[in-house]
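A.B. asks: Sequence and predicted structure below; questions after.
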Amino acid sequence: MVDIILKKKRERPVQLHHPWIFSGAIDLVRGKPQPGDTVRVLDAGKQFLAWGHFSPCSEIRIRAVEWDENSPPDEKWLSDRIKASVQKRDLLKGTDSKRLIFGESDHLPGLVADQYNEYLVLQTLTPAMEKWKAFLVRELAGIIRPKAIYERNDTESRGLEGLEPACSVLYGASWPGLIPVSENGLKILVDLEHGQKTGYYLDQRMNRRIVARFAEGRSILDCFSYSGGFSLFCLSRGAVSVTCVDSSAEALDLVEKNMKLNQLPPDRYTGINGNAFEVLRKMRDQGKKLDMIILDPPKLAPSGSHVRKALRAYKDINLLAFKLLNPGGILVTFSCSGGVDMSTFRTMISWACQDAGIDAQIIGQLSQAEDHPIRLSFPESEYLRGLICRVP
Ligand code: SAH
């Protein structure tokens, strides 16, 4: 058994159940841990703190996973955690697709499992989860009984852990192509093999529904639309027009397919394949006006050190959006950058308002869907923030 001894005064976060132990907090490694090994974490006085997963390439050298010394994380432990995580999703209604396991938030660092209808997509993002992969597949196949399980291990974060990218069929049928999933009464096509992330943005499910309540009778611009989630719900709730903007032609192709699948009126839809920053600027220069604008950009601040630069980009698009709105118009604006907390995001929005000369109101605050829970001892698990603003 490998013991990892922390430096003096570096035990507090571990005691408070924060799962990340950085290399700088480690004083001594007793033994020769291999990537993904289970290790014991001790404080400077050699008292047990937690069991953890070892990751030699990553700055996050250990992910603490269990605080009870008598419950070493073995196969039974892992099986129990998976079952508990899946069971917690039982309350989620109105969809056949959900995140079953959300890494650290479900006390399973490095593991993501998404259910899309009868298919599962798996991401093993740490050496420990990579080592457990075959076991994870067997367990999930036993609990969910899916038609197939795929790995979408093509994330950048795997590189930081010393893991190669990998996409393959781990269990069952070959890639099914596009599969329709149900979300609150609509059908959405998901591309498990080529789609972004694991195929779809499940974290916005609840927000699509909330935002659609404001759609009736409005002309809507949906920037960073991906497969059109927000637009489809807005059209189904009586929007007079929607324009989707995305830099990915494949994404816009999916929007059209989704429109057809849900029999939504094609004459109310326009797709623009381009850079949303430029499209917004062009629309402002043309004096275009809209009743509602949705801004759901990708992560503009990949880490804390990028926040300042990212805030300028966020402000840029939000300022343009405010200028494009008709009186009484609505801006729905998101950030999925973990480092941009709600108070910073709101401050940025207030700057955008001031510069636009608009005295707007916030009428709603949005967060990630419940299958992406925020673990209080791990604030990093909160990453999606949204505001619904109304202009006078
Ligand atoms: N709103 C979507 C999710 C958006 S994810 C939903 O509800 O499912 C972010 C999207 O922004 C991706 O589809 C990506 O292709 C697109 N994107 C990234 N950079 C862009 C840019 N500069 N201009 C337009 N689209 C961009």
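C.D. replies: Alright, I've got the coordinates. Numbering: from 1, shown residues only.
A.B. asks: where exactly do the helices run in the protein?
C.D. replies: 12-15, 75-88, 127-131, 133-144, 156-160, 205-212, 229-236, 249-261, 276-285, 307-324, 342-356 (DSSP state H).
A.B. asks: Out of these, flag the one nearest residue 42.
C.D. replies: Ranking the helices of the chain by their distance to residue 42 (criterion: Cβ to Cβ) puts helix 12-15 first, at 10.0 Å. Placement of C-beta: from N, CA and C, glycine included.
A.B. asks: And for the closest one, what's in contact with it?
C.D. replies: 6, 20-21, 41, 43, 49-50, 64 (Cβ atoms under 8 Å, 6 or more residues apart in numbering).
A.B. asks: Which of those ranks first by neighbour count?
C.D. replies: Ranked by neighbour count (other Cβ atoms under 10 Å), the contacts of helix 12-15 have residue 21 at the top, with 26 neighbours.
A.B. asks: Any regions of the stretch 101-250 of the chain where pLDDT drops low?
C.D. replies: The stretch 101-250 of the chain contains no residues with pLDDT under 70.
A.B. asks: Show me which residues of it are close to the ligand?
C.D. replies: The stretch 101-250 of the chain comes close to the ligand at residues 196, 201, 204, 224-227, 229-230, 245-248, as judged by Cβ under 6 Å from any ligand atom.
A.B. asks: Farthest pair within those?
C.D. replies: 204 and 247 (18.0 Å).
A.B. asks: Which of the helices of the chain has the highest mean neighbour count?
C.D. replies: Mean neighbours per residue, mean count of other Cβ atoms under 10 Å, is largest over those for helix 229-236, with a mean of 26.
A.B. asks: quick check, stretch 326-342 touching the ligand?
C.D. replies: No. Applying Cβ under 6 Å from any ligand atom, one finds stretch 326-342 separated from the ligand by no less than 7.8 Å.
A.B. asks: Quick check: end-to-end length of that stretch?
C.D. replies: One end of stretch 326-342 sits 26 Å from the other (Cα to Cα, to the nearest Å).
A.B. asks: Ok, stretch 70-79 next?
C.D. replies: 17 Å.
A.B. asks: just stretch 169-180 next, same as before
C.D. replies: Per Cα to Cα, stretch 169-180 runs 19 Å from first to last residue.
A.B. asks: separation between residue 67 and residue 154?
C.D. replies: 33 Å (Cβ to Cβ, to the nearest Å).
A.B. asks: Oh, that last question was meant for residue 11, not what I typed.
C.D. replies: To residue 154, residue 11 is 36 Å away according to Cβ to Cβ.
A.B. asks: Which of the two has more residues huddled nearby?
C.D. replies: Taking other Cβ under 10 Å, residue 11 and residue 154 do not tie; residue 11 has more neighbours (20 against 12).
A.B. asks: isn't the more buried one right next to residue 50, touching?
C.D. replies: No. The criterion here is Cβ atoms under 8 Å, and residue 11 misses it with residue 50 at 9.6 Å.
A.B. asks: Can you pick out the most distant pair from the contacts of helix 12-15?
C.D. replies: So, these by Cβ to Cβ: farthest apart are 20 and 43, at 16.3 Å.
A.B. asks: And for residue 172, the neighbour number?
C.D. replies: 17.
A.B. asks: Compare residue 204 and residue 247 (neighbour count), which wins?
C.D. replies: Ranked by neighbour count (other Cβ under 10 Å), residue 204 and residue 247 place residue 204 first, with 25 against 16.
A.B. asks: Quick check: closest non-adjacent residue to the more buried one.
C.D. replies: Spatial nearest neighbour of residue 204, chain neighbours left out: residue 229 (6.0 Å); criterion: Cβ to Cβ, 6 or more residues apart in numbering.
A.B. asks: now the residue nearest to residue 184 when sequence neighbours are not counted: how far from the ligand?
C.D. replies: Spatial nearest neighbour of residue 184, chain neighbours left out: residue 94 (4.6 Å); criterion: Cβ to Cβ, 6+ apart. Distance of residue 94 to the ligand, computed by Cβ to the nearest ligand atom, to the nearest Å: 16 Å.
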